[in-house]
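**Q** coordinates for the following, if possible.
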Amino acid sequence: MSTAEQVQELVAAVQSLNMEVQNLNQELQNIKAENTVLRQLVANREPHSTALPPMPLSSGKYNGSSKHLKEFIEACNIQFAFRPTTFSTDLSKAGFLVSNLTGNALGWASHLVTADDPILRDWSAFLERFKQTFERPEIKYMPCEELLEVHQGQMDLLSYINYQVQTTCHRG
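**A** Take a look at the predicted model:
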């Protein structure tokens with residue numbers, strides 16, 4: 001084999017290797033682009049949740065009584081604290097609270113849900129409106145002992161009620 005033939009074979013081999021390198025470079029670029037897309041998908045993916053279902057509230061459903069408002073909110077906050085993956089969004093917190101309402105309180109919240117009110121997606125604003133609606137600071141709850149100390153005129157409350165009942169019954 002002559003030197004010219006050897007040179008031609010070497011040139012052909014180099015060209016073949018060059019073509020293979022170009023193909024490998026193109027394949028590498030495709031893999032890099034695919035890797036970038038996959039990384040973005042993983043970054044944007046909802047975390048795989050091991051969310052626990054909510055537990056029933058120890059306080060039970062809330063009916064709008066200002067007397068039980070604080071206890072109800074505390075029971076909800078306990079749920080949120082111990083189930084952070086279950087209640088990871090403001091909407092999930094508001095939804096849980098609404099799902100534990102009954103009576104007047106449920107009536108208040110149902111129009112927010114029906115109208116898809118944006119406040120449902122802002123837990124702080126929702127909770128503040130909820131408190132403003134059902135908190136009655138002017139109402140003071142008296143223990144039974146204090147009620148026995150209330151007087152109407154010269155009579156204690158129990159005597160006054162008995163007197164009113166007796167006089168009403170004797171009139172009729």
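**Q** state the mean pLDDT of the longest helix seen in the chain.
**A** Longest helix of the chain, by residue count under DSSP state H: helix 3-44. Across helix 3-44, the average pLDDT comes to 87.
**Q** and stretch 94-105, by the same measure?
**A** 94.
**Q** and it, how far out from the chain middle?
**A** Stretch 94-105 sits 13 Å away from the centroid of its parent chain (CA atoms, centre = their mean, to the nearest Å).
**Q** from the rest of the structure, what touches that stretch?
**A** When contacts are defined by CB atoms under 8 Å, 6 or more residues apart in numbering, stretch 94-105 is touched by residues 54, 57, 61-64, 72, 76, 79-80, 87, 106, 108-109, 112-113, 119-121, 123, 126-127, 130, 134. Backbone N, C-alpha and C define where each C-beta goes, glycine included.
**Q** among these, name the ones in strands.
**A** Among the contacts of stretch 94-105, DSSP state E puts none in strands.
**Q** quick check on those: which are buried?
**A** By neighbour count, with 16 or more other CB atoms under 10 Å, the contacts of stretch 94-105 hold 54, 57, 62, 64, 72, 76, 79-80, 87, 106, 108-109, 112, 119-120, 123, 126-127, 130, 134 as buried.
**Q** give me phi/psi at residue 101?
**A** phi -100, psi 160 (degrees, to the nearest 10).
**Q** give the burial count for it, as a bare number.
**A** A total of 20 residues lie near residue 101 under the criterion other CB atoms under 10 Å.
**Q** cool, and the one 3 residues further on?
**A** Using other CB under 10 Å, residue 104 has 14 other residues around it.
**Q** for residue 110, see how far away it is.
**A** Remark: distance between residue 104 and residue 110 (CB to CB, to the nearest Å) = 11 Å.
**Q** what's the answer for residue 92, then?
**A** Applying CB to CB to residue 92 and residue 110 gives a distance of 18 Å.
**Q** same thing with residue 166?
**A** 46 Å.
**Q** domain map for the chain?
**A** 66-134, 142-172 (automatic domain parsing).
**Q** of all those domains, which one comes closest to residue 19?
**A** The closest of the domains of the chain to residue 19 is domain 66-134. By CB to CB, the value is 52.5 Å.
**Q** ends of the closest one, how far apart?
**A** End-to-end distance of domain 66-134 (CA to CA, to the nearest Å): 6 Å.
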